[in-house]
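S.K.: Starting from these lines, generate the structure:
(one chain, ligands or ions: 3)
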Amino acid sequence: METRRIHDISQPLRPGVPVWPGDTPFGGEQTWKMAEGSPVNVSKLTLSTHTGAHADAPLHYAADAPDISSVDLEPFLGECLVVDARGVGELVQPEHVPDLAGARRVLFRTYDRFPHEAWDEAHTAIAPATIAKLAEYGVLLIGMDGPSLDPQDSKTMDAHLAVLSADMRVLEGLVLDDVAPGRYELIALPLPIVGGDASPVRAVLRELA
Ligand SMILES: Nc1ccccc1C(=O)C[C@H](N)C(=O)O
Ligand SMILES: [Zn+2]
Ligand SMILES: [Zn+2]
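M.R.: Ligands and ions are numbered 1, 2, ... in the order given. Model prediction:
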């Protein structure tokens, strides 16, 4: 049997999971309870589309752009490169991008320890020039552990606009603490939420054979 190790790089979704300031807190509530005589347990969720590990749709940063149910799944599935970008400062710059050796999906680790319990107001972001460089190399998807490609206080969304013009896909909120830099198989499919500007993903990295 195949035994390639799988690293779960998703945040556990639970009440209290840190969300963007002012955004909808995660809520789960049981609607049918076995404890009250129902034959099954069922619950409802309340959450922002940008909760935990998630994929942005172009619709998040451009009006009339594709929603998350319309995007091609190819970028979210396949070989990727995990890059150690810890300690780079405010922005991951082009010089922090190593030789991609043909990788078409690139994930940046910026945290020593992912902040599971508190929102990080001052996360590392991605320089637009870095996205342009990745696009030149044919990269389909950029991912990171921080909550946004752009700084929290950005009004111009330069990194997201660079992604828009390169038609790249985006993963944010990945937990890369226990993953060594290098190549893996990425599996991080968004849900087909019609009209959705983003979707949570169950993101995993599988070691290559
Ligand atoms: N939830 C929000 C509410 C307001 C403004 C931004 C967000 C975001 O989540 C930003 C995001 N994760 C991004 O794609 O950069
Ligand atoms: Zn997002
Ligand atoms: Zn984003």
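
S.K.: And the longest strand along the chain, what's buried?
M.R.: Counting residues, the longest strand found in the chain (DSSP state E) is strand 77-84. Across strand 77-84, burial judged by 16 or more other CB atoms under 10 Å covers Gly78, Cys80, Leu81, Val82, Val83, Asp84. C-beta coordinates here come from the backbone N, C-alpha and C atoms, glycine included.

S.K.: The first helix or strand past that strand going along the chain pairs with which strands?
M.R.: Using DSSP states H and E, the helix or strand that directly follows strand 77-84 along the chain is strand 91-92. Strand 91-92 pairs in its sheet with strand 125-126 (parallel), by DSSP bridges.

S.K.: helices and strands around the longest strand of the chain, which ones?
M.R.: Applying 3 or more CB pairs under 8 Å, 6 or more residues apart in numbering; DSSP states H and E, one finds that strand 77-84 contacts strand 105-109, strand 182-187.

S.K.: how big is the angle separating it from strand 182-187?
M.R.: Angle, strand 77-84 to strand 182-187, by axes from the mean of the first three to the mean of the last three CA atoms, to 10 degrees: 140 degrees.

S.K.: Just give me the neighbour total for Met157.
M.R.: For Met157, the tally of surrounding residues (other CB atoms under 10 Å) stands at 18.

S.K.: which residues of this protein fall in strands?
M.R.: Counting by DSSP E, the strands of the chain are 6-8, 27-32, 42-46, 54-56, 77-84, 91-92, 105-109, 125-126, 141-144, 169-172, 182-187, 198-200, 204-207.

S.K.: Check which strands are paired with the longest one and give the direction for each one.
M.R.: Meaning strand 77-84. strand 105-109 (parallel), strand 182-187 (antiparallel).

S.K.: Quick one: residues in contact with the last one.
M.R.: Here strand 182-187 makes contact (CB atoms under 8 Å, 6 or more residues apart in numbering) with 4, 7, 76-82, 103, 105, 107, 141, 143, 203-208.

S.K.: for the record, mean pLDDT for it?
M.R.: Across strand 182-187, pLDDT averages out at 98.

S.K.: Check stretch 61-79 too.
M.R.: The model assigns stretch 61-79 a mean pLDDT of 98.

S.K.: how much space between the nearest residue to Ala57 once chain neighbours are set aside and ligand 1?
M.R.: What sits nearest to Ala57 in space, not counting adjacent residues and going by CB to CB, 6 or more residues apart in numbering, is Ile68, at 3.8 Å. Ile68 sits 12 Å away from ligand 1, going by CB to the nearest ligand atom, to the nearest Å.

S.K.: what sits against the spatially closest residue to Gln11 that is not a sequence neighbour?
M.R.: Excluding the flanking residues, the one nearest Gln11 by CB to CB, 6+ apart is Gly52, at 3.9 Å. Gly52 is in contact with Ser10, Gln11, Pro12, Leu13, Val17, Phe26, Gly173, Pro200, counting by CB under 8 Å, 6+ apart.
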